[in-house]
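Sequence and predicted structure below; questions after.
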Amino acid sequence: MSPELTLAIHAAREAGALLRANFETDLEVNELAAHDIKLALDIESQQLIESLILAAFPDHAIYGEEGIAGDQSSETQWIVDPIDGTVNYFYGIPHFCVSIAMRHAGELKIGAIYDPMMDEIFAVDFEGPATRNGKPIRPSSRASLGEAVVTIGFSKSKEAIDAGLGRYREVAHRVRKTRMMGSAALALAYIACGRLDAYIEEMISIWDIAAGQLMLERGGGIVTLVTSELNPDKSGIISSNGKLDLSAIA
């Protein structure tokens, strides 16, 4: 295992332990929006991750949901989501994770996603297959939409939600089941290990999907990102196990 992935896993586990220790406690809310919540713990988790990464690589850059740190001129950038699934976390739903990826010169190189409630660490290194708790994983071989379980994400703006509802109507009647689970990172990790078959959302941020994208692509899955028409800083995502033909619903 590379030093970078060893560090990413360690940082993800440390942040995950923080989240687990504070799960279902009185949480300080920094911001309540119509379809989102920001917690003080989001910031605390990212600061913990930043401190561990910059202690090892002080000349690297960090780009996270809760801000930037380090040397922003560096070609090596760590992409951090300190709590992916904050709304789930706040409401006591045990489906959330910590996501950390690293890219060099714009290319994703390593990734780690830690689900502290399941104690599952999904990881991918510079080379080799993605793993779950150290064992290689791969996407499902399901090629028929009628056999597929597809997760649909609904973003935070009214326009994105309306677009997602239109997409959902196209998907729901064609697949075996749809799921709305609330964590983009875990959605991609679940496709990478065969639990789900596809994930679609109209508007998503890079920190939500960077680590999971690399894991899925390493196993032969497909991730298509398109700059969002609703927000140029975000992307729409269509991802799958690489076997499904999503042209009818994409």
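Ah, there it is.

and the helix or strand containing Pro82, which strands flank it?
Here Pro82, judged by DSSP states H and E, is contained in strand 76-84. For strand 76-84, the paired strands and their directions (DSSP bridges) are strand 61-64 (parallel), strand 97-104 (antiparallel).

right, and the helix or strand after the first one?
To tie it back to what came earlier, the one meant is strand 61-64. Remark: after strand 61-64, the chain's next helix or strand is strand 67-70, criterion DSSP H and E.

quick one, helices of this structure?
3-22, 40-56, 86-90, 158-172, 184-192, 206-218 (DSSP state H).

could these be laid out in JSON lines, adding distance to Lys109?
For every residue, glycine as well, the C-beta is placed using N, CA and C. Formatted as JSON lines, these follow (distance: least, C-beta to C-beta, whole Å):
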{"stretch": "helix 3-22", "distance to Lys109": "7"}
{"stretch": "helix 40-56", "distance to Lys109": "14"}
{"stretch": "helix 86-90", "distance to Lys109": "26"}
{"stretch": "helix 158-172", "distance to Lys109": "30"}
{"stretch": "helix 184-192", "distance to Lys109": "16"}
{"stretch": "helix 206-218", "distance to Lys109": "8"}
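
so who does the residue nearest the centre of the chain touch?
Residue closest to the average C-alpha location in the chain (C-alpha atoms, centre = their mean): Ala185, at 1.9 Å. The contact partners of Ala185, by C-beta atoms under 8 Å, 6 or more residues apart in numbering, come to 81, 84-85, 97, 99, 113, 208-209, 211-212.

how about 10 Å then?
Taking C-beta atoms under 10 Å, 6 or more residues apart in numbering, we find Ala185 in contact with 81, 84-85, 96-101, 111, 113-115, 122, 207-213, 215.

what do you get for Ser51?
Applying C-beta under 10 Å, 6+ apart, we find Ser51 in contact with 11, 14, 69.

Quick check: ChimeraX command selecting the buried ones in those residues.
A single ChimeraX command is used to select the members of the contacts of Ser51 judged buried by 16 or more other C-beta atoms under 10 Å:
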select :11,14,69
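
related to what we said a few turns ago, want to throw the strands paired with strand 76-84 into TSV with distance to Ala143?
Below are these laid out as TSV (distance: least, C-beta to C-beta, whole Å):
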stretch	distance to Ala143
strand 61-64	36
strand 97-104	28
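
which residues of the chain score low on pLDDT?
34-35, 230, 250 (pLDDT under 70).

In contact with the residue of it positioned farthest from its centre, which residues?
For the chain, the residue at maximal distance from the C-alpha centroid (C-alpha atoms, centre = their mean) is His173, at 26.3 Å. Shown in contact with His173 (C-beta under 10 Å, 6+ apart): 145, 249.

Determine which stretch of the helices of the chain is the most buried.
Scoring the helices of the chain by mean neighbour count under mean count of other C-beta atoms under 10 Å gives helix 184-192 as the most buried, with a mean of 29.
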